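In: With the input below, show me the fold.
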Amino acid sequence: MNTNLNNGSLRRGIRSLLALLLAAAAPACAAAPAEEAGEEARDEPIEASGEALLGRDASGWAFHDGTRLLSSRSFNSSGGANRLASSGVGVYTITFDGLGGSGGNVQVNSTGGEGQRCKVSSWRTVETDLQVHIRCHTAAGVATSSPFVVSYARFAGGTAVSDAGAYVLMDRPGGGALSSAFQWGAPAAVARLGAGRYTITLSGQERGGVALVTAYGTGAEYCKAQGMLGLFGDTHIDVGCFGQGGAPADTRFSLRYIREPREAPYGSGGYALADQPTTTDYTPALQSHRITSECNDKVGTLAAHRISPGRYQITYPDMGGLTGVPGGAALATAFGAGSAYCNVVGWEFPAVDRDAIRVGIRCFDASGALVDAAFSQAYFSMLYHIC
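Out: Residues are numbered from 1 along each chain as shown. Sure, this is the predicted structure:
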């Protein structure tokens, strides 16, 4: 049992006791370091959470370590299994059993540390299951194998404004009306500003979250969030998309605006906009980070750390617990001007505080070289806190 009594960790250890009991039946394995994702592979089906998501929500995520899906980092709100298939180099299908349904949102992030990029090429329902198709490429745009994280969310409520955020599929790269079937959390509109440059307006959404963006399609294009502005009660998110060599390119994309980690079965997790890419240690601005759970008790301080050019860590207090393996899901998207992109490269329990989760991020320029860049990062936890 955790015996570190500093900074309230005894209270956190008590809250995390249920997580230990839930995980006791699973064999322990080595934690994946936040700088190089990797772990003993297991692919058992994942049972549903003891608590349902809100209303008619559906949620799932999966971590492919380069060989198979890891059960410790896999979740399916239906209680079904998550399955992996590959039909070629860099071409993957993740099946979420029992999560079939119309609409929703997909985010994909390579967890390779060598500059690979992954994106969603499509998703569809097959009988009662959901199939998500994924493509991965090198920085030069060549198909390549890569580990990755994929997250799917389909929330009830339509375009009524939600405190938890919003999502949208931008499926009209040349401009035009967006499909309401793939919108949630706010009425959404898109304006094309030029080649590869768009502004998504989320009507009624207050500024105070982070944006994850994944390019959509079979090509090697990629996208990032370039800015966010709250104006007259709406949030405007600028998105830039790029092709070969970082040249602006029109393409479709999937955008998720997060103000609460509703994907997580118990509401545990957090996010951060790390917008000081050359600062060694800092805490992001209050409106740009959050740590939360079903208890809604934000304790501790979220920490951003720069290791070296292009290499970063985000540490979430109270998201670790006493389980043997750091679970959940982590994603990142580059933020700001330019054509840089960012990947999560793993998440772990820091040796000095196993009540925390530390996420490793690497950012690259269009050629795949490490470069300092701002980024948005989100973490969805399986941890159940005892309130």
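In: switch to C-alpha atoms for all contacts and neighbour counts from now on
Out: Fine.
In: so where's this structure shaky on pLDDT?
Out: Across the chain, the ranges flagged by pLDDT under 70 are 1-53, 294-300, 321-323, 385-387.
In: at 50 what do you get?
Out: For the chain, applying pLDDT under 50 flags the ranges 1-33, 35-52.
In: If the residue nearest the centre of the chain is in a bridge, with which residues?
Out: The centre of the chain sits closest to L331, judged by CA atoms, centre = their mean, with a distance of 3.0 Å. According to DSSP bridges, the partner residues bridging L331 are A378.
In: go on, L229?
Out: The partner residues for L229, given DSSP bridges, come to H236.
In: what does N343 give?
Out: Legend: beta-bridge partners of N343 under DSSP bridges are R362.
In: What are the neighbouring residues in contact with it?
Out: Listed by CA atoms under 8 Å, 6 or more residues apart in numbering, the contact set of N343 reads 109-113, 115, 117, 331-333, 361-363.
In: again, but for D129
Out: Contacts of D129 by CA under 8 Å, 6+ apart are T95, F96, D97, G98, L99, G100, G101.
In: what do you get if the cut-off is 10 Å, keeping everything else the same?
Out: Applying CA atoms under 10 Å, 6 or more residues apart in numbering to D129 gives the contacts S78, G80, A81, N82, T95, F96, D97, G98, L99, G100, G101.
In: what separates the residue nearest to the centre of the chain from G324, distance-wise?
Out: Using CA to CA, to the nearest Å, one gets 21 Å for the distance from L331 to G324.
In: What of A211?
Out: From A211 across to G324, the span is 31 Å (CA to CA).
In: so the residue nearest to the centre of the chain makes contact with I314?
Out: No. Under the criterion of CA atoms under 10 Å, L331 is not in contact with I314, lying 11.4 Å apart.
In: so what's in contact with these two at the same time?
Out: Y271, V359, I361, Q377, A378, Y379.
In: and those residues as a markdown table, adding distance to R172?
Out: Shown next, in a markdown table, are the shared contacts of L331 and I314 (distance: CA to CA, whole Å):
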| residue | distance to R172 |
| --- | --- |
| Y271 | 28 |
| V359 | 33 |
| I361 | 30 |
| Q377 | 26 |
| A378 | 26 |
| Y379 | 29 |
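In: Who are the contact partners of G101?
Out: G101 makes contact with A58, R124, T125, V126, E127, T128, D129, L130, R154, according to CA under 10 Å, 6+ apart.
In: and the last one, bridged to which residues?
Out: I take that to be R154. A58.
In: so how far is G101 from it?
Out: In terms of CA to CA, R154 sits 8 Å off from G101.
In: Helix, strand, or coil at A181?
Out: Here A181 is recorded as helix under DSSP: H, G, I helix; E, B strand; the rest coil.
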